[in-house]
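Asks: how does the following fold in three dimensions:
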Amino acid sequence: MPRVFWKKTDLMVLDDPSTAPIGKNVLTLTHVESTENFTCVAVSALGNIEATTTVIAKELPPCPLNIVVSSVTSESVVISWKPPKYNEAINKFIVNYRLKSDKEDAALFAKGGAEEDDSERYSESRSSRGKTVETLENSLVIDGLVPFQTYEFTVRSAGPVGVGLESLPVEAQTMASKPASAPVSPQARSLNRDSILVKWGPCEQPNGLITGYKVYYTNDVATTPLRQWKQHDAKSDEFMTTINGLEPDSRYFVKVVAHNSEGDSPLSELVTVSTRQGIPGQPPMLKIKALDSRRMQLTWDTPLHSSPVVGYTVRYNTSDGEKELTLTSPHEKHVVTGLHPDKYYYFRVAAYSDRGQGEFTEPMISKTIASIPLSSPTILSGAATSSRSVEIRWKAPEQKKLNGVLTAYRISFFRLEDSTKPLDDSEESDEYDEEMKDSIEKISVVVPSDVTSYVLSDLLPYSTYEITVAASTMDGYGPESAIRVVKTLEDAGSEEESTAPDFKVFFDLC
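Replies: Got it, this is the predicted structure:
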């Protein structure tokens, strides 16, 4: 048998003839960029024979021409182009577009040097997105864009050989639209008996250049139609303003609106303020977190004030009405205790100084956690004791996370479908293949709280079972434990298989 090797047009030998395969040699080519001749040579004691073949590399289609962006609105554009000249048929055009980086990002990119990937200019939220249009169309409507933002658009041609290079990017800025979000974090406090200071932050979605702000205020009820409120104007670069000429010792409601060339933003959150000199404003950023079934944690920020804040007042609803707590230190955090499980509560907070108490925040609602365990039992061991039985042991959840009196445990298990695959003892763990799960429903059993181990009998031989344990209080079950996977031992097969599980229960006796 001859030895077989390959060589290229330039007589470059691709295989060592002395070690080339005998009888057959397959040449695999990748990343072919140019047309080449390849010669297969067979060498033996009887002589040499050759066969030559040509590998033709076809050019990728060029990019489209005359790319134009038109019909620009606040959320859509139309991009059009002319097909390039190409010897092959073009199957489709691929249009890609992305939100261009802002000036700050572009400056950071420029400092990074030319070696940085262009994609570094775009944050995760501004990743490239693409659409594909078939060859019968030479234009595409792209919608769902962000108002008043600059986008880059590129187009590529795709043919039988593959996808060509991108065109040079074309930029277009979407039109403005009215702001989609309100000014953030509005606050107010009294300056004296007839004036207040109002402060806010810029809109998160201005959708254009903000041209100014409108501060609406009234000393009527908060539900008064906005057209009946008084209006105070502020410049676009101002995030604080003073309103004078108010009624002394009166309560005012305030809302802030931003506007651009297209219209007004939504109304900001309602702020309440009193024209009493020296009292603090409403505490901003009130947040509530349920710690367990009987405790809520309240946090807030320091309000605007002229006189130092010396404490806070917390009000919340109870079964007997409203309860008030007085906090005598200026700490912006408090845990309310003695609540009822699984119940909604309304909370309000007000700050006070030596000059008096300010206005309460708007009510915020939150729900306590039901009196179920906050953590699961920990499975200590799970092992096969025979071909038809498995023993599992665990310990109770942490005492501080029981969230009540432990009343029972629920043991759940089912057989996994692939029971012929050996289970490594080192893997008698919590790792298993999700695809092994059978469609059989879980079997569960509930036992008293003093049980700490079980033997499941009359299981199937050489079968894999998934087992979990959950703890319960009077209000229900907590989370299930981590999964333990156990496989029964092999069986001699002399006994008839039984699929009805049996349980043996062991008790810890004090």
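
Asks: which residues touch P266?
Replies: By Cβ atoms under 8 Å, 6 or more residues apart in numbering, the residues touching P266 are 179-182, 257. To be clear about C-beta, it is placed using only N, CA and C from the backbone, and glycine gets the same treatment.

Asks: can you pick the most crowded of the residues you listed?
Replies: Among the contacts of P266, P179 has the most neighbours (other Cβ atoms under 10 Å), with 25 neighbours.

Asks: please name the nearest non-neighbouring residue to that residue.
Replies: S265 (3.4 Å; Cβ to Cβ, 6 or more residues apart in numbering).

Asks: number of nearby residues for the one you found?
Replies: By other Cβ under 10 Å, the residues close to S265 number 23.

Asks: that one reaches A258, doesn't it?
Replies: Yes - counting by Cβ atoms under 8 Å, A258 is a contact partner of S265 at 4.3 Å.

Asks: so A384 makes contact with K487?
Replies: Yes - using Cβ under 8 Å, A384 is in contact with K487, at 6.2 Å.

Asks: still on that earlier bit, ok, the residue nearest to P179 - contacts?
Replies: Counted by Cβ under 8 Å, 6+ apart, S265 has contacts 178-183, 203, 206, 257-259.

Asks: wait, which of those is closest to L226?
Replies: Nearest to L226, judged by Cβ to Cβ, of those is V257 at 9.1 Å.

Asks: in a strand, that's where the closest one is, yeah?
Replies: Yes - counting by DSSP: H, G, I helix; E, B strand; the rest coil, V257 is part of a strand.

Asks: could you list the domains of this structure?
Replies: By the record's domain assignment, the chain is partitioned as 3-55, 65-173, 184-274, 287-367, 378-507 (automatic domain parsing).

Asks: now the third one: how far from the chain's centre is it?
Replies: Centre-to-centre, domain 184-274 and its host chain are 34 Å apart (Cα atoms, centre = their mean, to the nearest Å).

Asks: first to last residue in that domain, what's the distance?
Replies: Start and end residues of domain 184-274 are separated by 21 Å (Cα to Cα, to the nearest Å).

Asks: what of the second one?
Replies: One end of domain 65-173 sits 21 Å from the other (Cα to Cα).

Asks: could you pull up the mean pLDDT of that domain?
Replies: On average, the pLDDT along domain 65-173 is 76.

Asks: okay but A222 is in contact with K255, surely?
Replies: No - if you go by Cβ under 8 Å, A222 and K255 don't touch, sitting 9.3 Å apart.

Asks: pLDDT below threshold where in the stretch 401-510 of the chain?
Replies: 418-441, 492-510 (pLDDT under 70).

Asks: change it to 90
Replies: By pLDDT under 90, the weakly predicted segments of the stretch 401-510 of the chain are 401-405, 411, 414, 416-447, 452, 454-459, 462, 473-476, 478, 490-510.

Asks: need the overlap of contacts for S265 and A258.
Replies: Both S265 and A258 are in contact with 179, 182-183, 203, 206, where contact means Cβ under 8 Å, 6+ apart.

Asks: which stretches of the stretch 51-200 of the chain form helices?
Replies: Along the stretch 51-200 of the chain, counting by DSSP state H, counting those that start in this stretch, helices occupy 103-112.

Asks: how about the strands in it?
Replies: 65-70, 77-82, 92-99, 129-134, 139-142, 150-158, 170-173, 184-192, 195-201 (DSSP state E, counting those that start in this stretch).

Asks: for the ones you listed, give me JSON lines that also has distance to R415.
Replies: Shown next, in JSON lines, are the strands of the stretch 51-200 of the chain (distance: least, Cβ to Cβ, whole Å):
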{"stretch": "strand 65-70", "distance to R415": "61"}
{"stretch": "strand 77-82", "distance to R415": "57"}
{"stretch": "strand 92-99", "distance to R415": "49"}
{"stretch": "strand 129-134", "distance to R415": "45"}
{"stretch": "strand 139-142", "distance to R415": "52"}
{"stretch": "strand 150-158", "distance to R415": "50"}
{"stretch": "strand 170-173", "distance to R415": "60"}
{"stretch": "strand 184-192", "distance to R415": "55"}
{"stretch": "strand 195-201", "distance to R415": "58"}
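
Asks: figure out which of the ones you listed is closest to Y312.
Replies: Relative to Y312, the nearest member of these by Cβ to Cβ is strand 184-192, separated by 15.2 Å.

Asks: got the buried residues for stretch 240-255?
Replies: For stretch 240-255, a neighbour-count test (16 or more other Cβ atoms under 10 Å) marks 241, 243, 246, 251-255 as buried.

Asks: equivalent analysis for stretch 269-276, please.
Replies: Judged by neighbour count using 16+ other Cβ under 10 Å, the buried positions of stretch 269-276 are 269, 271-276.

Asks: take these and keep only those in strands.
Replies: When DSSP state E is applied, the buried residues of stretch 269-276 are split such that 271-274 fall in strands.

Asks: that older thread, would you mind checking which of the contacts of S265 is nearest to P169?
Replies: Nearest to P169 among these, counting by Cβ to Cβ, is P206 at 25.3 Å.

Asks: in this structure that closest one contacts K178, no?
Replies: No - applying Cβ under 8 Å as the test, P206 and K178 come out as separate, 9.4 Å apart.

Asks: how about the contacts of P266 in CSV, adding pLDDT and distance to P17?
Replies: Shown next, in CSV, are those (pLDDT from 0 to 100; distance: Cβ to Cβ, whole Å):
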residue, pLDDT, distance to P17
P179, 96, 76
A180, 95, 73
S181, 96, 74
A182, 97, 79
V257, 98, 84
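
Asks: now, the most widely separated pair of these?
Replies: Largest pairwise distance in the contacts of P266, by Cβ to Cβ, is 12.9 Å, between A180 and V257.

Asks: need the strands for the stretch 301-450 of the chain, in chain order.
Replies: Using DSSP E, counting those that start in this stretch, the strands of the stretch 301-450 of the chain run over residues 309-318, 321-327, 333-336, 344-353, 356-357, 364-367, 378-384, 390-395, 408-415, 443-448.

Asks: who's in contact with the nearest residue to K85 once chain neighbours are set aside?
Replies: Counting by Cβ to Cβ, 6+ apart, K85 lies nearest to P62, which is 7.5 Å off, once chain neighbours are set aside. By Cβ under 8 Å, 6+ apart, the residues touching P62 are 84-86, 157, 164-165.

Asks: ChimeraX command for the buried members of the residues you listed?
Replies: The ChimeraX selection below is limited to those of those classed as buried (16+ other Cβ under 10 Å):
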select :157,164
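
Asks: bridge partners for the nearest residue to P21 once chain neighbours are set aside, pull those for me.
Replies: Nearest non-adjacent residue to P21, counting by Cβ to Cβ, 6+ apart: V4, 5.9 Å away. V4 has these beta-bridge partners by DSSP bridges: A42.

Asks: wouldn't V4 be in contact with V41 here?
Replies: Yes - V4 is within contact range of V41, at 7.1 Å (criterion: Cβ under 8 Å).

Asks: ok so, going back, overlap in contacts, P206 and K178.
Replies: With contacts defined as Cβ under 8 Å, 6+ apart, the residues shared by P206 and K178 are 260, 265.

Asks: find residues that contact each of A222 and K255.
Replies: By Cβ under 8 Å, 6+ apart, the residues touching both A222 and K255 are L270.

Asks: re the thing from before, reformat the contacts of P62 as a markdown table; add distance to L304.
Replies: As requested, those are exported to a markdown table (distance: Cβ to Cβ, whole Å):
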| residue | distance to L304 |
| --- | --- |
| P84 | 63 |
| K85 | 68 |
| Y86 | 67 |
| S157 | 61 |
| G164 | 60 |
| L165 | 58 |
